[in-house]
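> 3D, please:
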Amino acid sequence: HLTPSVVGSAAYHSPPLIPVCAHFPSLRPCCSAATVSSAVIAHKANMHRNPSPLSTHQWGIGSRRTPTLRVCNAGSDGGARVPPCLHSDVQQQHSAVQQRQTAVDEMLASVAANRRGVLTGMLGTTVWTLSPLSAEAQAQTAAPSTRTLDPNTASGNTSSSAAPVDFCNSSNGDPRGAAAARDPAINSGCATPADVRQQQQLAGLVPPRQVDLQVEVLRAQAALDRCSTALEKHRLLVTLKETNQAAFYALLQQDLETLLPLVYTPTIGDACLNWGVLLPRPTGLYISLRDRGNVAALLQHWPSDEVRLAVITDGERILGLGDLGAHGMGIPTGKCVVYGAAGANPEWLLPVTVDVGTNNSQLQQDALYVGLPQGRLRGQEYFDLMVELVQGLQERFGRTVLVHWEDLAAKNAFQMLQLVRNMRVPTFNDDIQATAAVAVAAVLGAVRVPGALPLQQQRFLFFGAGQANIGTARLLTKALQQQGLSAAAAKSRIWMVDSKGLILSTRTNLTPQKAEFAQNPSNLPGGRAAATALESSSKMQAGNSNSSSLSSSNSISGSISSYDDSDDVVQQLAAVVAAVQPTALVGAAAVAGAFGQPVIEGLVQSTHIAGGPSARPIVLALSNPTNKSEVSYADAMRWSSNKVIYASGSPYPPICFDPAAAAAAAAAAAAGDGSMKATCSMSGNGG
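You can find the predicted model right below:
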């Protein structure tokens, strides 16, 4: 007995419903003897794109659960009863029971198979199996009835006095309300409107009291205030997003400055590190290397047909944390939250993690890792899988869908961006282009601050030559040209340091991106003295296995390869600062503390040389999360005597300081009295 019901929700634009019997012929003769609860197939509106019904239908997608099969029983012995309205003799009844059992077996097998298919991409990519029924359950389900059926009463020889069940009118309930209750786009808790409660059959499934949405926001804020750590607050906010979307975004938008650091950087870094034990995890789509050739089918499992923007990562370079594999899903889900906070409809957003393995040995050995515990896929197969994903996105959601790349390794990021551009697909790489836009905006804001040198007089030293700094340097070159400088003159204002030191034209084996900004050693502002200083710095690395491959012609670059020793990095970078004499530092190498006191003091000195004693230097410490930042705001202010103009990749709490006390401390320090120090206290949650 099939009771058609809406699976999903109006928010998902649920398509027409197809009875189960249409796909299970053996159920047709006895559909009145087997009642299927929730086994109604939601026929997707885009069904015409895939002719295979079972591969594109979604089982209970609104309720995030698979259907259950229930066989109506009567009598104390649990034996199934066949309604007399359908069968008039014992032989027919026995035949019907056998047909019913065949149908049940067929349905259970198909549900199990399609359960795996529909959920593929939604649960992570670690291999998992369905547990078989217990022996007792199998006996109860599979054993044929041995009772003698009475064609007149359909009650058999049972001693039970229970009345026969009317199969034609029996019902196991309508799952629509349960599905809606689990849909965060429909269920707003006590703020769910009365008409929605009625339409979605939510009466009794949400509390009876009706309140304004602001009350639900206050409830969420009260719960948030009871959390003691940033990660606890992140968990609570994820739970709210997965259960009450309206309250989540209302809460977020009323206090963005406080809450964005909790849903994205810096807290999202901790969430990714704890992804294996983060419960609940935000919903996203996982595509693995095992899905090659089947990506289009997996994309059909995403409930929204309205996707306009897909945020994609492969988890290889998550913030400054390195290769986190499938645990990097926090980045696309978090970035989608940021889009939602900016006003984008959540139905437009699709977070995707492409699991091509991980080279993180700790994750490979972690039983709680949600991804494939194997090394990364490389080469053409990697790019073929990414292209298949992009093509599938366009087929499912249209050619205008925007592809947003996040945290790919540099060796893949530039090539992937150009490859998709050549496909005429709307796309951008967040690390190469969006970081550049924000960083250059920060520079343009900084030069407006009194004491900062004009843009065309600035000399920039980039610490790190990855995709973020390369992208920023390219955009900054254009900004300098807009100030009247030639392309060559603009590039001469930009110097870069990577793990092997200053990037100079005398170095070999530079990537094409680094070669764009390789400077001639003769352009060093310090002349021969600068070259000597850099040579001395490179000698500090003698015997270091990481720098032993440098040729003698490159020794002038001053290797800074020992990133694991921050003290050495600070000393070597200070020597580079003395040679280049920058007025602005930009860090995106995820080396915590690299802009140490000697570096900041050297920056202040070179800025004074360029613009006089009132000139103020610029520091952009862009590495995320904050524990990977090159220098904190407090240290930068203290070491520069409060002169630095500072911006960071993630927000720091505000700093309260006494300018008079700071000036007195600076005077005391100049006089050689170290007993007096400026007081500085950290307070608040702002950026």
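
> so what's the residue lying closest to residue 510 once chain neighbours are set aside up against?
Closest residue to residue 510 apart from its sequence neighbours, by C-beta to C-beta, 6 or more residues apart in numbering: residue 518 at 6.0 Å. For every residue, glycine as well, the C-beta is placed using N, CA and C. Contacts for residue 518 (C-beta atoms under 8 Å, 6 or more residues apart in numbering) come out as 503, 504, 505, 507, 510.

> just checking, residue 310 touches residue 405?
No: assessed by C-beta atoms under 8 Å, residue 310 is found out of contact with residue 405, at 9.6 Å.

> longest strand in the chain, by residue count?
In the chain, taking DSSP state E as the definition, the longest strand is strand 349-355.

> Can you give me the separation between residue 298 and residue 635?
Note on residue 298: its distance to residue 635, by C-beta to C-beta, to the nearest Å, is 47 Å.

> do the same with residue 196
Residue 196 sits 52 Å away from residue 635, going by C-beta to C-beta.

> ok, these two, which is more surrounded?
Legend: neighbour count by other C-beta atoms under 10 Å for residue 196 and residue 635, higher for residue 635 (20 against 17).

> The more buried one: which element?
helix 633-639 (DSSP states H and E).

> Show me what counts as buried in that helix.
633, 634, 635, 636, 637, 638, 639 (16 or more other C-beta atoms under 10 Å).

> Could you pull up the residues touching the last one?
Contact criterion C-beta under 8 Å, 6+ apart gives 597, 600, 601 as the residues in contact with residue 639.

> Could you tell me how many residues sit around the last one?
For residue 601, the number of neighbouring residues by other C-beta under 10 Å comes to 15.

> what about the stretch 1-150 of the chain, any weak spots by pLDDT?
Regions of the stretch 1-150 of the chain meeting the criterion pLDDT under 70 cover residues 1-101, 103-150.

> Just give the closest residue to residue 231, not the sequence neighbours.
Per C-beta to C-beta, 6+ apart, closest to residue 231 is residue 270, 4.9 Å.

> thought the one you found was touching residue 625?
Yes: in this structure, residue 270 is within contact of residue 625 by C-beta under 8 Å, at 7.5 Å.

> neighbour-wise, which of the two wins?
Here residue 270 and residue 625 are compared on neighbour count by other C-beta under 10 Å; more neighbours surround residue 625, at 22 against 18.

> Please name the nearest non-neighbouring residue to the more buried one.
Residue 625's closest residue in space is residue 266 (C-beta to C-beta, 6+ apart), at 3.3 Å.

> Tell me the confidence at that neighbour?
The model reports residue 266 with a pLDDT of 89.

> Please apply the same query to residue 230.
94.

> show me what contacts it?
Applying C-beta under 8 Å, 6+ apart, we find residue 230 in contact with 261, 262, 266, 267, 270.

> for residue 470, same thing?
Residue 470 makes contact with 410, 432, 513, 514, 516, 517, according to C-beta under 8 Å, 6+ apart.

> same thing but 6 Å
Residue 470 makes contacts with residue 513, as judged by C-beta atoms under 6 Å, 6 or more residues apart in numbering.

> Repeat that for residue 597.
Contacts for residue 597 (C-beta under 6 Å, 6+ apart) come out as residue 639.

> got the buried residues for stretch 197-209?
197, 200, 201, 202, 206.

> Next, work out how far apart the second one and residue 250 are.
By that I understand residue 200. Counting by C-beta to C-beta, the gap from residue 200 to residue 250 is 20 Å.

> How about the fourth one?
Using C-beta to C-beta, we find residue 202 at a distance of 20 Å from residue 250.

> Same check on the last one?
Here the criterion is C-beta to C-beta. By it, residue 206 lies 17 Å from residue 250.

> what's the answer for the first one, then?
When distance is defined by C-beta to C-beta, residue 197 is 19 Å away from residue 250.

> quick one: pLDDT of the nearest residue to residue 607 once chain neighbours are set aside?
Closest residue to residue 607 apart from its sequence neighbours, by C-beta to C-beta, 6+ apart: residue 617 at 4.1 Å. pLDDT, residue 617: 97.

> what does residue 479 give?
At residue 479, the model reports a pLDDT of 96.

> tell me the phi and psi of it?
Residue 479 has phi and psi values of phi -60, psi -40 when expressed as degrees, to the nearest 10.

> Skipping its backbone neighbours, what lies nearest it in space?
residue 440 (5.7 Å).

> Quick check: buried residues in the helix or strand encompassing the one you found?
Here residue 440, judged by DSSP H and E, is contained in helix 435-446. Of all the residues in helix 435-446, those buried under the rule 16+ other C-beta under 10 Å are 435, 436, 439, 440, 442, 443, 446.

> Also stretch 232-250?
Residues of stretch 232-250 classed as buried by neighbour count (16+ other C-beta under 10 Å): 233-250.

> Which parts of the stretch 351-500 of the chain are helices?
361-364, 380-397, 410-422, 435-446, 467-482, 487-492 (DSSP state H, counting those that start in this stretch).

> how about CSV for these, with distance to residue 592 added?
Shown next, in CSV, are those (distance: least, C-beta to C-beta, whole Å):
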stretch, distance to residue 592
helix 361-364, 20
helix 380-397, 30
helix 410-422, 20
helix 435-446, 19
helix 467-482, 16
helix 487-492, 29
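
> Look up how far residue 193 lies from residue 211.
Residue 211 sits at a distance of 11 Å from residue 193 (criterion: C-beta to C-beta).

> residues in contact with the closest residue to residue 329 other than its chain neighbours?
Leaving aside its sequence neighbours, residue 329 sits nearest to residue 353 (C-beta to C-beta, 6+ apart; 4.4 Å). By C-beta under 6 Å, 6+ apart, the contact set of residue 353 is 286, 313, 326, 329.

> closest to residue 608 among those?
Distance to residue 608 across the contacts of residue 353 (C-beta to C-beta) is lowest for residue 313, with 42.8 Å.

> what's the neighbour count on the closest one?
Per other C-beta under 10 Å, the neighbour tally for residue 313 reads 27.

> these two touch, right, it and residue 331?
Yes: Residue 313 lies in contact with residue 331 (C-beta atoms under 6 Å); the separation is 5.2 Å.

> so what's in contact with those two at the same time?
Listed as contacting both residue 313 and residue 331 by C-beta under 6 Å, 6+ apart are 406, 407.

> circling back: nearest to residue 498, of the helices of the stretch 351-500 of the chain?
Short answer: helix 467-482, nearest of the helices of the stretch 351-500 of the chain by C-beta to C-beta, at 9.1 Å.

> Show me what counts as buried in the closest one.
So, applying 16+ other C-beta under 10 Å, buried residues of helix 467-482: 467-477, 479-480.

> and what of stretch 453-461?
Here stretch 453-461 shows 453, 455, 456, 458, 459, 460, 461 as buried, counting by 16+ other C-beta under 10 Å.

> show me the contacts for the third one.
Meaning residue 456. If you count contacts by C-beta under 6 Å, 6+ apart, residue 456 has them with 483, 485.

> Give me the distance between it and residue 275.
From residue 456 to residue 275 the distance is 45 Å (C-beta to C-beta).

> just residue 388 next, same as before
Distance, residue 388 to residue 275, using C-beta to C-beta: 25 Å.

> what about the two, which has more around it?
residue 275 (24 against 17).

> can you map out the helices along the stretch 501-650 of the chain?
Under DSSP H, counting those that start in this stretch, the stretch 501-650 of the chain gives helices at 512-515, 527-539, 566-580, 597-611, 633-639.

> For the stretch 301-450 of the chain, which residues score under the pLDDT cut-off?
For the stretch 301-450 of the chain, no stretch has pLDDT under 70.
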